[in-house]
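need a 3D model of the sequence below.
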Amino acid sequence: MAKKETSGIVVSNKMNKTVTVIVRRPTSHKKYSKVISKTSKYYVDDPMNICEIGDQVRIQETRPISKNKRWIIIERTKVT
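Numbering: from 1, shown residues only. Below you'll find the model as predicted:
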């Protein structure tokens, strides 16, 4: 089974070895057909503590690392 990949923006790096990433995806409203932006927040494993707030990252789904962490960082695509 293929692992899911997505990209998002780091919004918090206050935890040790963990960052919070916001992923935005456009969706169409069922009734009005207007494109709206849905957001999801993921806790992502950052073992080297290299990510800063505002960095754009690619993340991949993985086995559960802790209670809430199920994603790992593949690469930082845009560094602020």
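
ok, now which ones touch the spatially most central residue of the chain?
The centre of the chain sits closest to Val21, judged by Cα atoms, centre = their mean, with a distance of 3.7 Å. By Cβ atoms under 8 Å, 6 or more residues apart in numbering, Val21 lies in contact with 8-11, 41-42, 44, 57, 59, 71. To be clear about C-beta, it is placed using only N, CA and C from the backbone, and glycine gets the same treatment.

make CSV out of the residues you listed and add distance to Ala2, pLDDT and secondary structure.
Compiled in CSV, the contacts of Val21 are given as follows (distance: Cβ to Cβ, whole Å; pLDDT from 0 to 100; DSSP: H, G, I helix; E, B strand; the rest coil):
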residue, distance to Ala2, pLDDT, secondary structure
Gly8, 19, 97, strand
Ile9, 24, 97, strand
Val10, 24, 98, strand
Val11, 27, 98, strand
Lys41, 23, 98, strand
Tyr42, 18, 98, strand
Val44, 19, 98, strand
Val57, 19, 97, strand
Ile59, 15, 97, strand
Trp71, 15, 97, strand
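
now, which of the residues you listed sits nearest Pro26?
Gly8 (13.7 Å; Cβ to Cβ).

hang on, the closest one packs against Gln56?
Yes: look at Gly8 against Gln56 with Cβ atoms under 8 Å: they come within range, at 7.5 Å.

settle it for me: which of those two has more neighbours?
Using other Cβ atoms under 10 Å, the more surrounded residue of Gly8 and Gln56 is Gly8, with 23 against 16.

who is the more buried one paired with across the strands?
When assigned by DSSP bridges, Gly8 has beta-bridge partners Val57.

fine by me, thanks again.
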